[in-house]
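Trainee: take this sequence and fold it.
(chains A and B, ligands or ions: 5)
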Amino acid sequence: MSDHPSKGGNALQAILEKNHFNPTRLVQILREVQDREGWLSEITLTDIAQGLSLPISRVRSTANFYSFFYTRPVGQYRVLFSDNITDRMQGSTQLFEHMLARLKLTENQTSADGAVSVARTSCTGMCDQGPAMLVNNRAVTRLTPRRVDEICDLIKAGLPLSSWPNYYFKIENNIRRRDVLLSANWDPGEALRAAIARGPQGMLNELKLSNLRGRGGAGFTTAIKWEAARTAPGTARYVVCNADEGEPGTFKDRVLLQRYPGHVFEGMTIAGYVIGAAKGFLYLRGEYSYLLEALEAHLDGLRRSNLLGQNICGVEGFNFDIEIHMGAGAYICGEETALIESLEGKPGKPRIRPPFPVTYGYLGQPTTVNNVETLCKTLEIAINGGAEYAGQGTKQSTGTKILSVSGDVELPGIYEYPFGVKVSQILEDCGARDVQAVQVSGAAGICLSPREFGRRIAFEDVPTAGSFMVFGPKRDMFEMARNFAHFFAHESCGFCTPCRVGTSIISNIMDKIAAGHGTQYEMNELGRLTNVIRGSAHCGLGTASCNAIADTVQKFRATYEAKIRPVDFEPSFDLDKALAKTRAVAGRDDADAHLETSVGAH
Amino acid sequence: MTDIANTLTIDGRTISFEPGQTIMQAALAAGVFMPHLCYNPEFKPHGSCKLCTVTVNGRPQSACTIAAMPGQEIQSDTPELNGRRRVLLQMLFVEGHHFCPGCEKSGNCQLQALGYEMEMLSPHFSHFFPDRGVDATHPDVMIDFGRCIMCELCVQASRDVDGKNVFALAGRGLASHVVVNSPSGKLGDSALEVTDKAVEVCPVGAILRKRVGFAVPIGERIYDHDPISVKALEPDEA
Ligand SMILES: Cc1cc2nc3c(=O)[nH]c(=O)nc-3n(C[C@H](O)[C@H](O)[C@H](O)COP(=O)(O)O)c2cc1C
Ligand code: SF4
Ligand code: SF4
Ligand code: FES
Ligand code: FES
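Mentor: Residues are numbered from 1 along each chain as shown, chains lettered A, B, ... in the order given. Ligands and ions are numbered 1, 2, ... in the order given. I've put the predicted structure just below:
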């Protein structure tokens, strides 16, 4: 926590050296330096800029973009409450307020002794074991008032995280239903050797037969992506595994990485073999930094057994290695071109497409970006062949899909089903009774009402990146939509006008309705803005940002109607409130000092 | 044959294009105005303001970044698309401080000119009143960050034309803002010179040359006689 170059100087130099003074590693460097110093002072940023021969503005630009980088001092203990709707349903708001009260703090305020700050953050991917928080980037799950009290005491006593009770940090896998992938018991390297036996083209042919489609959301055919990257001109090729998993309510990639890291890395290696890449990146969201050590150790093991490195499995010239890059709190970095920008050390802003990453990706070279689960599925295809794989699921959506189930259910956790499973089946299996709605595929997804529970999980019916949040009869679906509106306003990268400004306008309108000041006018505005943002945003974050509002307005209109006032319009500006300062100066608060028609008065 | 191949239609009108052109370039070259704000013909398209959004065969696309292709059916000057543009302009107006009557750029400002062009009668939404500040530390240039529309033209110009990297965009979402490359973060400490391309390229009143604000009186400025839809098609303006 020093503000002095002398103190951090040598350590900083060591970090820069470890990162080969490579500016593309700026996000990693900032993270490592901040881990040491607590925050990123202007002096530190200047030192980093000089060390990397970058303009200071470039370093500021990256440091300012990510939520988990602090360019102002924060508490030695940085507490961030996960603020997904599922955390809220588990009581996180009360716990958050309780903690603030106990520590005598307001949100985002650092205590006078510099010990602690408390704030909120987007979904941390612990929805099956929430409410959750991050303390200095370590996830603490299953919060209760008692646990929050204990944590307050630990913080007041100044105990380092390493001495906190272990079970605070325990993260369950909660695997509830297994199919091919989650019950597989392949030997390390088995699938890779099978792929090698088929040869790159042979493996590609099996992928085509399998009709494997991406599990990250867009459902793009993996074989086409790999083939394009394999044949595109380039001086180097790259494999990227997208483990940013920022979609609210999704946590299946976390379980895959925690329970089956070997599958993930092997899938990346198969991709490297097929497209002819020598280097792979795992882009891991900052919220999952607790996994980093184990993953690095796993990579070392793979190198020792020649499943990574030079001449892998004895194949002359098959060289491939994997590097882990950590994100730093930015949902947009799950978008593949923003992810690549982040890998290059820049703010995560989506590129103009075309060109797509398969021709112009990392450092302008052909790059495949695939979801964690997609890569795991390639093992199955390498071992069993594409035809057998295609036998499961539906014609257009082959194989199985892993769902992250949370919300009002008895058994939250991970469920693997063949594609085509009915929503009602999933609800039955996870012990959800009396369900009002299911939000499938996260904040960007689709909201289903009971009459739609006969629909199926499949690209051609209800597509999903894996999030499955269940809402019981007492939940207010408006509050879900409002939670997501805040999420998008917070996560907008700020590149394009409709999303940068529009998501904030929408979020303010939702707050106005929640406060009881909404009218039909606001309802119309929501519709109008949805049309503009959907029709002009630069990337999927923007275009999906109004989905939940559009769905809930249509399917759960009553909750909006119960909140809006039967007048045509109410100003968002409260004149009486605005006069409060004047009243204070005049020392008056009698009836005559108030306007009669105050908005909030009745 | 090739002539026929390299044509497309904009609002029903057939125009020809050169392979490699974007829809925006093809349109402007053919004398068809398409609203744009972050696009400047001298620079690589940025694609951020979204004012140029058209539909290509029914799908929304940014005209400044999408390649012209044979047979594209493009809609641009329609009530629906102009309605969207009006909303985008209103968003830009409320996001920053655009009190045009008090702005030196008034009459030369592309944001203001497009506001007139698109018949924007009011900012419509509640203002955000950002607190981004003004930097007047440079002897010849000032920057009012509150008027910035994040087009990054100054960033590009300083980097690629002036070879200086004076500007960068920082922050995220609504907190996005321009930062200056100098130890203090101040313009006066930077390598910026008044003759730099970066000073001239700002489409709005964010970067301003000092002491010349009213050299050309209001009423005789770029968009005072002819609207931006005419000016943008003049060869020296574009
Ligand atoms: C805002 C946004 C966030 C995204 N987040 C993720 C993510 O966290 N994980 C992921 O795999 N894909 C995410 N995607 C999709 C990726 O852009 C990309 O399509 C995907 O990683 C491709 O992998 P796949 O073909 O294996 O699905 C996101 C897309 C958008 C627009
Ligand atoms: S839609 Fe949103 S997240 Fe996507 S580029 Fe635009 S501002 Fe960024
Ligand atoms: S200062 Fe002007 S040129 Fe630079 S980004 Fe802002 S609006 Fe664009
Ligand atoms: S002119 Fe095309 S996005 Fe700005
Ligand atoms: S008139 Fe001042 S920014 Fe446009």
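
Trainee: what about the longest strand in chain A?
Mentor: Longest strand in chain A, counting residues (DSSP state E): strand A:400-407.

Trainee: tell me which other helices or strands the helix or strand following that strand touches.
Mentor: Heading C-terminal from strand A:400-407, the first helix or strand you meet, by DSSP states H and E, is strand A:413-418. In terms of contact count using 3 or more Cβ pairs under 8 Å, 6 or more residues apart in numbering or on different chains; DSSP states H and E, strand A:413-418 is assigned the packing partners strand A:175-177, helix A:180-183, strand A:400-407, helix A:423-429. Bear in mind the C-beta positions are built from the backbone N, C-alpha and C, glycine included.

Trainee: mind putting the ones you listed into a markdown table with distance to ligand 5, mean neighbour count and mean pLDDT?
Mentor: As requested, the helices and strands packed on strand A:413-418 are arranged in a markdown table below (distance: least, Cβ to the nearest ligand atom, whole Å; neighbours: other Cβ atoms under 10 Å in any protein chain shown; pLDDT from 0 to 100):
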| stretch | distance to ligand 5 | mean neighbour count | mean pLDDT |
| --- | --- | --- | --- |
| strand A:175-177 | 56 | 18 | 98 |
| helix A:180-183 | 55 | 17 | 96 |
| strand A:400-407 | 46 | 28 | 98 |
| helix A:423-429 | 51 | 18 | 98 |
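
Trainee: which residue, neighbours along the chain excluded, lies closest to B:K50?
Mentor: In space, and not counting its chain neighbours, B:K50 is closest to A:S536: 4.3 Å by Cβ to Cβ, 6 or more residues apart in numbering or on different chains.

Trainee: in the sheet, which strands lie alongside the longest strand of chain A, parallel or antiparallel?
Mentor: Based on DSSP bridges, the pairing partners of strand A:400-407 within the sheet are strand A:413-418 (antiparallel), strand A:467-471 (parallel).

Trainee: how near is B:L121 to B:Q90?
Mentor: Per Cβ to Cβ, to the nearest Å, B:L121 is found 10 Å from B:Q90.

Trainee: out of the two, which sits in the busier spot?
Mentor: Neighbours were tallied for B:L121 and for B:Q90 using other Cβ atoms under 10 Å in any protein chain shown; the higher tally belongs to B:Q90 (21 against 9).

Trainee: quick one, what contacts the residue of the stretch 151-300 of chain A found nearest ligand 5?
Mentor: Distance from ligand 5 to each residue of the stretch 151-300 of chain A (Cβ to the nearest ligand atom) is smallest for A:G246, at 34.9 Å. Contact analysis of A:G246 by Cβ atoms under 8 Å, 6 or more residues apart in numbering or on different chains lists A:S122, A:C123, A:R285, A:A330, A:Y331, A:C333, A:G334, A:E491.

Trainee: 7 Å - rerun?
Mentor: Counting by Cβ atoms under 7 Å, 6 or more residues apart in numbering or on different chains, A:G246 touches A:S122, A:R285, A:Y331, A:G334.

Trainee: likewise for A:N531?
Mentor: Residues in contact with A:N531, defined by Cβ under 7 Å, 6+ apart, are absent; none qualify.

Trainee: what's the spacing between it and A:L284?
Mentor: Here the distance between A:N531 and A:L284 works out to 37 Å (Cβ to Cβ).

Trainee: ok, B:S76 next?
Mentor: 43 Å.

Trainee: try B:T195
Mentor: Counting by Cβ to Cβ, the gap between B:T195 and A:L284 amounts to 47 Å.

Trainee: do A:A218 as well
Mentor: Computed with Cβ to Cβ, the distance linking A:A218 and A:L284 is 20 Å.

Trainee: and the most centrally placed residue in chain A, helix, strand or coil?
Mentor: Relative to the mean C-alpha position of chain A, the nearest C-alpha, by Cα atoms, centre = their mean, is the one of A:G246, at 1.0 Å. When the structure is split into helix, strand and coil by DSSP: H, G, I helix; E, B strand; the rest coil, A:G246 lands in coil.

Trainee: for A:F81, what are phi and psi?
Mentor: For A:F81, the backbone dihedrals are phi -80, psi 130 (criterion: degrees, to the nearest 10).

Trainee: which pLDDT value belongs to it?
Mentor: Predicted confidence (pLDDT) for A:F81: 98.

Trainee: follow-up on the earlier one: can you redo the strands paired with strand A:400-407 as TSV with distance to ligand 3 and mean pLDDT?
Mentor: Conversion of the strands paired with strand A:400-407 to TSV gives the following (distance: least, Cβ to the nearest ligand atom, whole Å; pLDDT from 0 to 100):
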stretch	distance to ligand 3	mean pLDDT
strand A:413-418	45	98
strand A:467-471	36	98
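
Trainee: chain center to the lengthiest helix in chain B, what's the gap?
Mentor: Of all the elements of type helix in chain B, the one with the most residues (DSSP state H) is helix B:79-95. Averaging C-alpha coordinates over helix B:79-95 and over its chain gives two centres that are 14 Å apart (Cα atoms, centre = their mean, to the nearest Å).

Trainee: check which residues of that helix are buried.
Mentor: Burial within helix B:79-95, assessed by neighbour count using 16 or more other Cβ atoms under 10 Å in any protein chain shown, is assigned to B:81, B:84-95.

Trainee: from those, pick the one nearest ligand 4.
Mentor: Closest to ligand 4 out of these is B:L88 (9.3 Å), distances taken as Cβ to the nearest ligand atom.

Trainee: and the closest residue to B:A67 other than its chain neighbours, what does it touch?
Mentor: Leaving out its chain neighbours, the residue that sits closest to B:A67 by Cβ to Cβ, 6+ apart is B:T22, at 6.1 Å. The contact partners of B:T22, taken as Cβ under 7 Å, 6+ apart, are B:P45, B:A63, B:C64, B:T65, B:I66, B:A67, B:A68.

Trainee: what subset of these is buried?
Mentor: Neighbour counting over the contacts of B:T22 (16+ other Cβ under 10 Å) leaves B:P45, B:A63, B:C64, B:T65, B:I66, B:A68 as the buried ones.

Trainee: filter those residues to keep only those in contact with chain A.
Mentor: Intersecting the buried ones among the contacts of B:T22 with the contacts of chain A gives B:T65 (criterion: Cβ under 7 Å from any Cβ of the partner chain).

Trainee: and the buried ones among the contacts of B:T22, which is closest to ligand 5?
Mentor: Nearest to ligand 5 out of the buried ones among the contacts of B:T22 is B:C64 (Cβ to the nearest ligand atom; 19.8 Å).

Trainee: the longest strand of chain A: how far from the chain's middle?
Mentor: Between the mean C-alpha point of strand A:400-407 and the mean C-alpha point of its chain there is a distance of 15 Å (Cα atoms, centre = their mean).

Trainee: same check, this time on stretch A:232-244
Mentor: Distance of stretch A:232-244 from the chain centroid (Cα atoms, centre = their mean) equals 21 Å.

Trainee: how about residues contacting it?
Mentor: Taking Cβ under 7 Å, 6+ apart as the rule, stretch A:232-244 contacts A:216, A:229, A:253, A:257, A:264, A:268, A:271-272, A:275-285, A:327, A:333-334, A:336, A:339, A:358-359, A:361-362, A:365-372, A:375.

Trainee: cool, stretch A:174-191 as well?
Mentor: A:128, A:255, A:262, A:266, A:270, A:305, A:307, A:313, A:376-377, A:379-380, A:382-383, A:400, A:402, A:411-418, A:429-430.

Trainee: low-scoring stretches of chain B, by residue?
Mentor: By pLDDT under 70, the weakly predicted segments of chain B are B:1-4, B:236-238.
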